[in-house]
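Q: Structure for this input, please:
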Amino acid sequence: MVQRCKWCNVKNESYVKYHDTEFGVPVLDERYIFEMFILETFQAGLSWECVLNKRLDFEVAFDYFDIDKICEYDEVKITKLLNNPRLIRNKLKMKAVVNNAKIYRGIVKLFGSFYAYLKSFAGDKVIYEVGPTTSPLSNKISADLKSRGMKFVGSTTIYSFLQAIGIIYAHDENCYKYRKN
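A: As a prediction, the model looks like this:
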């Protein structure tokens, strides 16, 4: 039997697929990076598995993660999202997504891409580490995003986000995908 990271529920097919094909894989696709950023916002205080189980519902409800559309969401749209039983219905997080999307878009305009913004902190190398839930890197990015007005971007959330998009490679040592460099 293939060994995976201890957090991966092997009974959940979508979780296994995420672990095997996405987690820790470096990504340059801006739409995917934005998707992960939104989903990590909803993870705050919850498990990634909970969010991942609702991923397709989020994709449809949030206009396939079209940043320009999300930036235009108003109270009517937020109320519609809050009434969707297939989503995580937290008003503060819903409002944060709209707020954060506007700031995110500004960062993209300033740096050329959100990935370039992140690399301004991380450099061009992948960080290999197992165990932490925060780091000096996630602390710096979190502080910068908060200073720009973002919400639900604590260091733990940002650390998970960096893992999701492959800036931090953090497969457990007993996982078949583990590597040091």
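Q: Please count neighbours and contacts with C-alpha atoms only from this point.
A: OK.
Q: what sits up against the lengthiest helix in the chain?
A: Assignment by DSSP state H gives helix 91-111 as the longest helix of the chain. Contacts with helix 91-111, where a contact means CA atoms under 8 Å, 6 or more residues apart in numbering, come from 38, 41-42, 67, 70-73, 78, 81-82, 113-114, 117, 148-152.
Q: burial of A170, as a residue count?
A: Look at A170: counted by other CA atoms under 10 Å, it has 25 neighbours.
Q: Next: F34.
A: Neighbour count for F34, taken as other CA under 10 Å: 19.
Q: My read is that it contacts Y64, right?
A: No - contact criterion CA atoms under 8 Å: F34 and Y64 do not qualify, at 10.3 Å.
Q: Could you pull out the buried residues of the helix or strand that the longest helix of the chain is followed by?
A: Using DSSP states H and E, the helix or strand that follows helix 91-111 in sequence is helix 114-122. Neighbour counts using 16 or more other CA atoms under 10 Å place 114-118, 122 of helix 114-122 among the buried residues.
Q: likewise stretch 5-15?
A: Buried, per 16+ other CA under 10 Å, within stretch 5-15: 5, 8, 10, 15.
Q: Let me have those in TSV, extended by pLDDT, distance to V25 and secondary structure.
A: Formatted as TSV, the buried residues of stretch 5-15 follow (pLDDT from 0 to 100; distance: CA to CA, whole Å; DSSP: H, G, I helix; E, B strand; the rest coil):
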residue	pLDDT	distance to V25	secondary structure
C5	97	15	coil
C8	96	16	coil
V10	97	19	coil
Y15	97	15	helix
